[in-house]
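> I would like to see how this sequence folds:
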Amino acid sequence: MSVFTHVTVGTNDLPRARRFYDEVLGTFGMKRLADLGDNGSIWGVDAPSFFVLKPANGLPASIGNGVTVSFQAPGRAAIDAAHRSALALGAEDEGQPGPRNWKENAYAAYFRDLDGNKIAAYCFSGN
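The predicted structure is shown next:
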């Protein structure tokens, strides 16, 4: 059973966000499932799980202080690839790929997307 139906982050530049997430989330096997016109897009594997939207109230999108969206990656190589792709596309590094000592085999990387949202990728296997 899944705990969440989806997670949403805001954007102020939807075309740029679409290009960014098409490439970065593609490293995890996710794809863009739907575009919501000029309002946003939805990514997932078999079902919608990650939304990037312009705020419904018409105000500029802003980041949440203390908020991180973390994706489960299929392995360490995918985390390395996602982090490398994100930085090449202009993301800000928030934590190089590597082991995390809070759980056995935890491996992760962190970055800020082009709108400043903090994104992580995690796996819990030795490969």
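
> what about residue 52, distance to residue 10?
To residue 10, residue 52 is 8 Å away according to Cβ to Cβ, to the nearest Å. In this view, the C-beta of every residue, glycine as well, is placed from N, C-alpha and C.

> my read is residue 78 is in a helix, agree?
Yes: counting by DSSP: H, G, I helix; E, B strand; the rest coil, residue 78 is located in a helix.

> residue 23 versus that one, what's the distance?
13 Å.

> likewise residue 4?
Taken as Cβ to Cβ, the span from residue 4 to residue 23 is 23 Å.

> which one of these two is surrounded by more residues?
For residue 4 and residue 23, the more surrounded residue by other Cβ atoms under 10 Å is residue 23, and the numbers stand at 15 against 6.

> could I get the phi/psi values of that one?
phi -80, psi -50 (degrees, to the nearest 10).

> these two touch, right, it and residue 87?
No: when contacts are counted by Cβ atoms under 8 Å, residue 23 is not listed as touching residue 87 (11.6 Å).

> who's more crowded, residue 52 and residue 10?
The residue with more neighbours, out of residue 52 and residue 10, is residue 52; 26 against 21, by other Cβ under 10 Å.
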